[in-house]
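A.B. asks: quick one: sequence and predicted model below, then my questions.
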Amino acid sequence: MNPSLPFLILLISLMACGSLAQSADSIRVVYSEEIASQPTSSNTKRIKALYNRFIRSQIEEKTLIKLGGMPTSFGATPDPIWSIRNEVAVEQKLTPAFSILISVRSYYRRLAKTLTEASVSGEVAGRWYFVMNRRIRQGKSANNFSGQYLTLHLIKPLWASNSLDPPASGLTHAWLGVGLGTQRRLSRFGYLDANIGPGYTIRSLNPMPVGIQASILIGFGL
């Protein structure tokens with residue numbers, strides 16, 4: 001027997017064992033990386049599912065009755081300066097992407113102890129939920145009122161009064177405007193509706209009849 005043959009067999013055996021050990025180590029590294037990535041993906045999906053449930057994205061709604069309000073200003077003087085805006089509205093879907101809104105809004109403002117103002121106005125608006133059809137096709141939403149929209153609205157004052165001396169009351173001029181907005185259902189009985197955009201004051205004597213109007217309302221929705 002060749003004296004170097006046992007040594008050669010031993011060397012080949014050691015090399016084979018080293019290769020098997022390296023292969024086992026590499027398998028364990030890949031496996032641990034896959035396990036680490038799974039919880040992050042699962043948590044993201046869970047949070048997204050909870051949010052979609054909160055805004056009722058998969059619940060079909062074609063009629064929404066809204067009762068909302070929002071404080072619009074506060075003051076820091078010794079006498080109170082504050083105002084609040086309220087809304088009673090009905091929004092009806094004509095198609096999944098288009099709706100019509102009819103609302104009555106009230107506004108009350110108190111400036112210290114010298115002036116109070118109150119007014120009531122009506123609004124008629126058309127809304128285009130411009131991503132609604134695509135979201136429905138993708139299975140991300142049902143036909144409802146949670147989404148971004150473009151609006152064309154007409155606001156007509158119905159009554160106004162203030163505490164000036166001598167007292168003065170009367171109707172202000174109508175407003176025709178466009179806007180970009182977003183509306184979200186907040187669980188079963190809530191909603192948030194916000195929009196902003198330019199408009200024109202009809203028959204105004206003001207030399208600058210064009211302006212910007214913004215609205216944020218939060219409240220109950222049925």
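C.D. replies: Okay, I see it. None of the values given here were measured: they were computed from a predicted structure. Numbering: from 1, shown residues only.

A.B. asks: packing partners for whichever strand in the chain runs longest?
C.D. replies: Using DSSP state E to define each element, the chain has its longest strand at strand 147-162. Using 3 or more C-beta pairs under 8 Å, 6 or more residues apart in numbering; DSSP states H and E, the elements in contact with strand 147-162 are strand 98-111, strand 115-128, strand 175-186, strand 190-201. To be clear about C-beta, it is placed using only N, CA and C from the backbone, and glycine gets the same treatment.

A.B. asks: with distance to Q92, mean pLDDT and mean neighbour count added, can I get those strands in JSON lines?
C.D. replies: Below are these laid out as JSON lines (distance: least, C-beta to C-beta, whole Å; pLDDT from 0 to 100; neighbours: other C-beta atoms under 10 Å):
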{"stretch": "strand 98-111", "distance to Q92": "6", "mean pLDDT": "91", "mean neighbour count": "17"}
{"stretch": "strand 115-128", "distance to Q92": "10", "mean pLDDT": "91", "mean neighbour count": "17"}
{"stretch": "strand 175-186", "distance to Q92": "14", "mean pLDDT": "95", "mean neighbour count": "18"}
{"stretch": "strand 190-201", "distance to Q92": "15", "mean pLDDT": "94", "mean neighbour count": "18"}
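
A.B. asks: out of these, flag the one nearest F54.
C.D. replies: Nearest of the helices and strands packed on strand 147-162 to F54, taken as C-beta to C-beta: strand 175-186 at 7.0 Å.

A.B. asks: quick one: list the elements packing against the closest one.
C.D. replies: Going by 3+ C-beta pairs under 8 Å, 6+ apart, strand 175-186 lies up against strand 147-162, strand 190-201, strand 210-221.

A.B. asks: go again using 10 Å as the cut-off
C.D. replies: Applying 3 or more C-beta pairs under 10 Å, 6 or more residues apart in numbering; DSSP states H and E, one finds that strand 175-186 contacts helix 4-54, strand 63-74, strand 115-128, strand 147-162, strand 190-201, strand 210-221.
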